[in-house]
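Participant: got a predicted model here, sequence first, then my questions.
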Amino acid sequence: MKTFKHILTTALIAASISSFAQSTTITIITDSTATTNERKKHAERVRTDFNIYLGFNGFSGTLPAGYDFRPVGSRFISLAWQTRIPVAVRGNTKLRLLTGPEVAWNNFMFEGRNTLIAQNGQLVVEPATVDLRKSKLVMAQLNLPLMLNLSFKSGFSLSMGGYAGMRLDSYTKVKPEGGAAVRTHNTYNLNPVRWGYMAELGYRGHAKLFGRYEPSSPFRAGQGPDAGVWTVGIKL
């Protein structure tokens with residue numbers, strides 16, 4: 001009898017262990033799950049944004065007589081399609097590459113009655129015979145900027161780099177007081193290719209300050225003012 005009870009007890013214990021093993025699931029969490037979540041957290045896609053640059057521009061250096069410009073009237077505008085490419089975005093300081101085409105306009109507004117005229121391959125500044133509401137030289141250009149962007153944990157960001165581009169159009173626009181504006185399209189001895197440096201500073205989610213500088217003159221050597229071009233403003 002004792003032997004039978006011993007066998008029965010052993011069988012019940014074995015059945016209980018088997019049942020527990022079938023109904024219980026043991027989950028082991030390893031570092032691989034955390035690593036996967038971390039990779040997803042730091043994953044960043046390439047993004048393309050549309051930006052508008054608004055500012056003022058002018059010539060640097062010594063200019064010939066007649067090349068006096070209105071500071072407020074000499075404006076800069078650019079329409080930019082900017083692509084942000086992540087380079088190193090795992091830490092608190094993130095590094096990205098910024099590039100993309102832009103169409104930019106430099107407007108140089110002359111003071112008083114001065115007008116710019118192209119004669120025999122040379123540029124001549126002459127006063128108009130009537131009062132002028134505006135007289136300006138406009139340069140339109142297709143640029144390709146290339147900048148490195150640093151974004152900090154505090155929210156501030158800094159971008160630095162350069163750009164190069166080709167001339168799309170150039171013209172003067174003269175509007176007399178009470179009269180219609182007249183546009184005159186010409187190359188005005190401008191170089192077909194221009195290049196320069198650029199920098200941007202701002203805070204995440206807000207407009208940024210920007211500056212640009214072209215050390216070389218936009219005019220061909222000996223055929224126009226030997227002066228660089230500066231630009232400052234905000235990026236929206």
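Facilitator: In hand now; what should we look at?
Participant: SS state for the closest residue to E44 other than its chain neighbours?
Facilitator: Counting by CB to CB, 6 or more residues apart in numbering, E44 lies nearest to P86, which is 4.3 Å off, once chain neighbours are set aside. Where C-beta positions appear, they are placed from N, C-alpha and C, glycine not excepted. Assigned with DSSP: H, G, I helix; E, B strand; the rest coil, P86 falls in the strand class.
Participant: and P86, how many residues sit next to it?
Facilitator: Per other CB atoms under 10 Å, the neighbour tally for P86 reads 17.
Participant: quick one: contacts for the most centrally placed residue in the chain?
Facilitator: For the chain, Q82 is the residue whose C-alpha lies nearest the centre (CA atoms, centre = their mean; 5.6 Å). The contact partners of Q82, taken as CB atoms under 8 Å, 6 or more residues apart in numbering, are 48-51, 98-100, 102, 145.
Participant: which stretches of this protein have low pLDDT?
Facilitator: By pLDDT under 70, the weakly predicted segments of the chain are 1-42.
Participant: and the helices in it, which stretches?
Facilitator: For the chain, helices defined by DSSP state H occupy the ranges 2-23, 31-42.
Participant: number of residues surrounding the residue nearest to F156 when sequence neighbours are not counted?
Facilitator: The spatially closest residue to F156, leaving aside those adjacent along the chain, is Y203, at 5.7 Å (CB to CB, 6+ apart). The tally of other residues near Y203 (other CB under 10 Å) stands at 12.
Participant: isn't Y203 right up against F152?
Facilitator: No - counting by CB atoms under 8 Å, Y203 does not reach F152; the two are 9.9 Å apart.
Participant: just to revisit the earlier point, kindly state the beta-bridge partners for the residue nearest to the centre of the chain.
Facilitator: For Q82, the beta-bridge partners under DSSP bridges are D49.
Participant: contacts only, for I77.
Facilitator: When contacts are counted by CB under 8 Å, 6+ apart, I77 touches 52-55, 104-105, 107.
Participant: swap in G55?
Facilitator: Applying CB under 8 Å, 6+ apart to G55 gives the contacts 75-77, 210, 231-234.
Participant: quick one, which of the residues you listed are buried?
Facilitator: Buried members of these, counted by 16 or more other CB atoms under 10 Å: 75-76, 210, 231, 233.
Participant: and those residues, which two are the farthest apart?
Facilitator: Pairwise distances across the buried ones among the contacts of G55 peak at 14.0 Å for R75 and F210 (criterion: CB to CB).
Participant: strands of this protein, start to end?
Facilitator: Along the chain, the segments classed as strands by DSSP state E run 47-59, 75-88, 94-99, 102-109, 114-119, 122-127, 132-151, 156-176, 182-185, 193-203, 208-214, 229-235.
Participant: can I get those strands in TSV with distance to G66?
Facilitator: Formatted as TSV, the strands of the chain follow (distance: least, CB to CB, whole Å):
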stretch	distance to G66
strand 47-59	12
strand 75-88	20
strand 94-99	38
strand 102-109	12
strand 114-119	5
strand 122-127	3
strand 132-151	11
strand 156-176	13
strand 182-185	17
strand 193-203	23
strand 208-214	21
strand 229-235	18
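Participant: so which of the ones you listed is the most packed in?
Facilitator: Highest mean neighbour count of the strands of the chain: strand 102-109, a mean of 20 (counted as mean count of other CB atoms under 10 Å).
Participant: give me phi/psi at T129?
Facilitator: phi -80, psi -10 (degrees, to the nearest 10).
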